[in-house]
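*Asks:* I'll drop the sequence and a predicted model, then ask my questions.
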Amino acid sequence: MEDIRVGVDLGGTKTEAVLLRVGGEVPEVLERERIATERDGGYDHVLSRVAALIARFSTRAPAASIGVGMPGGLTRAGLVKNSNTTCLNGRAFHADLRRAVGRPIAFDNDANCFALAELAFGAARGAGLAFGVILGTGVGGGVVLGGRRACTAGRTIAGEWGHVVIDPSGPACYCGRRGCVETYLCGPAIERRHAARTGQRQALAEIDDPVTLAEVAEIFGRSLAIVVNVLDPDVLVLGGGVSNLSILYDEGLRALARHVFDDEPRVCVVKNELGDSAGVFGAAMLR
Ligand SMILES: [Zn+2]
């Protein structure tokens, strides 16, 4: 029987849906649509836009499973928290969307979707245990074991290495702590620290200052060593804008090797292969 799935990536600015046929070597995109999330329109507006998008796709494939990936987690009461589409926070978006669509829908955060997609179809293909590393405007991660995400039943903390505190006297983080990994390694933090030290405002991609880049490589290695020591994954797959910094793949790897509790580290560190498609492909893989 054909395995057709609907995947939706609900972002702060854009929301994308795919109708995907899986089971072959590569996933086949049957339909793809991108709409503006229009989060300024408020909760009911976003809910009805996403529900209408899913309805269009599920009409074409009534038997398809539906998965939605979105930033943030869930409270014990099933309310959205930590979403950058802030009008969803404190609301029962999962239940409301299921009701509006009238079908079962699986949800997970975007970092877990990234890891699922890269393991199923991308750079971590064939890995038993993979850790997806998001280095973008935020820092996050997702754990995938044997093709399935490691956290279910509403628990969404697995993989959140971005809010491990590496220096309690470090910069303030939006989460309320100080010195989280994210306050050193997210794109805006790297730009800010570079500007503070050199007086030069440069976009991440233009930064070529060896001191700034060496600091990024060192913190990258030190903080991911925590993940490797805990999980010993086969693959670390990197995504997000910061993953384009080539220094991560040489000096960053050397720093990682120095800090891991293993003098023969075997973890493989790779750049993502799916780019922007990981979000929707991973959402389609949710069950
Ligand atoms: Zn934090």
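*Replies:* Perfect, I can see it now. Residues are numbered from 1 along each chain as shown.

*Asks:* how close does the residue of the chain most remote from its centre get to F57?
*Replies:* Ranked by distance from the centre of the chain (Cα atoms, centre = their mean), the top residue is G199, with 31.4 Å. Using Cβ to Cβ, to the nearest Å, one obtains 50 Å as the distance from G199 to F57. The C-beta positions use only the backbone N, C-alpha and C, and glycine is treated the same way.

*Asks:* pLDDT averaged over stretch 228-246 - what is it?
*Replies:* For stretch 228-246, mean pLDDT rounds to 96.

*Asks:* need the longest helix for the protein.
*Replies:* In the chain, assigned by DSSP state H, the helix with the most residues is helix 210-231.

*Asks:* tell me the helix or strand right after that helix.
*Replies:* Following helix 210-231 in sequence order, the next helix or strand is strand 235-239 (DSSP states H and E).

*Asks:* quick check: next helix or strand after that next one?
*Replies:* Using DSSP H and E, the helix or strand that follows strand 235-239 in sequence is helix 251-259.

*Asks:* mind listing what's buried along that next one?
*Replies:* Neighbour counts over helix 251-259 (16 or more other Cβ atoms under 10 Å) mark E251, G252, L253, A255, L256, A257, H259 as buried.

*Asks:* pretty sure the last one contacts A225?
*Replies:* This points to H259. Yes: using Cβ atoms under 8 Å, H259 is in contact with A225, at 3.5 Å.

*Asks:* secondary structure element for the residue most central in space within the chain?
*Replies:* In the chain, the centroid-proximal residue (Cα atoms, centre = their mean) is A111; its distance is 2.2 Å. Using DSSP H and E, the element containing A111 is helix 110-121.

*Asks:* can I get that helix in PDB, CA atoms only?
*Replies:* Output in PDB follows, covering the C-alpha atoms of helix 110-121 (Å, rounded to 0.1, in the frame of the first residue of the first chain):
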ATOM      1  CA  ASP A 110      10.900  21.800  14.600                       C
ATOM      2  CA  ALA A 111      14.200  20.600  16.000                       C
ATOM      3  CA  ASN A 112      12.900  17.000  16.300                       C
ATOM      4  CA  CYS A 113      11.400  17.300  12.800                       C
ATOM      5  CA  PHE A 114      14.800  18.400  11.400                       C
ATOM      6  CA  ALA A 115      16.500  15.400  13.100                       C
ATOM      7  CA  LEU A 116      13.800  12.900  11.900                       C
ATOM      8  CA  ALA A 117      14.100  14.200   8.300                       C
ATOM      9  CA  GLU A 118      17.900  14.100   8.100                       C
ATOM     10  CA  LEU A 119      17.900  10.600   9.500                       C
ATOM     11  CA  ALA A 120      15.200   9.400   7.100                       C
ATOM     12  CA  PHE A 121      16.400  11.100   3.900                       C
END
